[in-house]
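1. sequence unknown, structure follows:
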């Protein structure tokens, strides 16, 4: 059955996307203020907004709000807007990676506090039956390959000892769009950010390989009673390849 492609999906949502982006980059202020004054930071924020406004046109449609991966694509493109401005300011590739990891730590801390305020345990969400059922459905849908720019994944049942469950991602929407935009070099930063989420929220997460570092797949594993390694600097991660991030 043919699926509907809404060509102006992001254009119609541009005002909301821009507003969300403006709020999003404010998180970076505390990082940037260690290096720049307020006037310079505001100038950089204006440049990031202008860059993001252009990049909105490049976000591929993968089902809109019916596909939860859409939010990951939007987030990746908003981050790319930041990366490009930081690069113009003279940041090295590794410095951009370090900036992004700090940015994700701050973002995940806000998320952790929000979950706790509504009585949720952030460390348990990957192991809740509702989330696991959702992950299974997500993987089943991904294998239909309705949209060429979408993710493709298998749900992996765990043994309850070495891991509870996991994803094997064979295709990644972020990797695809960044490659098309000649920004593939930034893909590993999004992979490494998974460790920030696990560390801040407090759940066990492990991975031996990732598409961002040139492997054929990403093997996400969610593990109870596991101390998740710090993701940055990434040199000691099993998936790390110094040819990708010197």
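-> All right, it came through fine. No experiment lies behind these values; they were computed from the predicted model shown.

2. only C-alpha atoms for contact and neighbour calcs from this point on.
-> Noted.

3. Spatially, which residue comes closest to the residue nearest in space to the middle of the chain, not counting chain neighbours?
-> Nearest residue to the geometric centre of the chain (C-alpha atoms, centre = their mean): residue 190, 4.6 Å. Distance criterion C-alpha to C-alpha, 6 or more residues apart in numbering; nearest residue to residue 190, sequence neighbours excluded, is residue 76 at 7.7 Å.

4. what about that neighbour, neighbour count?
-> Residue 76 has 22 neighbouring residues, counting by other C-alpha atoms under 10 Å.

5. same question, residue 27
-> Using other C-alpha under 10 Å: residue 27 sits among 16 other residues.

6. pretty sure it is touching residue 106, no?
-> Yes: the criterion here is C-alpha atoms under 8 Å, and residue 27 meets it with residue 106 at 7.0 Å.

7. Next, the contact list for residue 227, please.
-> 203-205 (C-alpha atoms under 8 Å, 6 or more residues apart in numbering).

8. Give me the subset of those residues that lies in strands.
-> residue 205 (DSSP state E).

9. Narrow the contacts of residue 227 to just the buried residues.
-> 203-205 (16 or more other C-alpha atoms under 10 Å).

10. Out of the residues you listed, flag the one nearest to residue 98.
-> residue 205 (20.1 Å; C-alpha to C-alpha).

11. Which strand residues bridge that closest one?
-> residue 222 (DSSP bridges).

12. give the contact list for it.
-> Residue 205 neighbours (C-alpha under 8 Å, 6+ apart): 195, 198, 220-223, 226-228.

13. so which of those is the most crowded?
-> Result: residue 195 is most packed of the contacts of residue 205 (other C-alpha under 10 Å), 26 neighbours.

14. The closest residue to it other than its chain neighbours: how many residues sit nearby?
-> Spatial nearest neighbour of residue 195, chain neighbours left out: residue 231 (5.1 Å); criterion: C-alpha to C-alpha, 6+ apart. For residue 231, the neighbour count with other C-alpha under 10 Å is 21.

15. pLDDT score assigned to residue 231?
-> You'll see residue 231 listed with a pLDDT of 97.

16. Strands along the protein, start to end?
-> Going by DSSP E, the chain shows strands at 152-157, 165-171, 205-206, 218-222.

17. out of those strands, nearest to residue 184?
-> Relative to residue 184, the nearest member of these by C-alpha to C-alpha is strand 165-171, separated by 13.8 Å.

18. Can you spell out which helices and strands pack onto the closest one?
-> strand 152-157, strand 218-222 (3 or more C-alpha pairs under 8 Å, 6 or more residues apart in numbering; DSSP states H and E).

19. now do 10 Å
-> Under the contact definition 3 or more C-alpha pairs under 10 Å, 6 or more residues apart in numbering; DSSP states H and E, strand 165-171 sits against helix 129-142, strand 152-157, strand 218-222.
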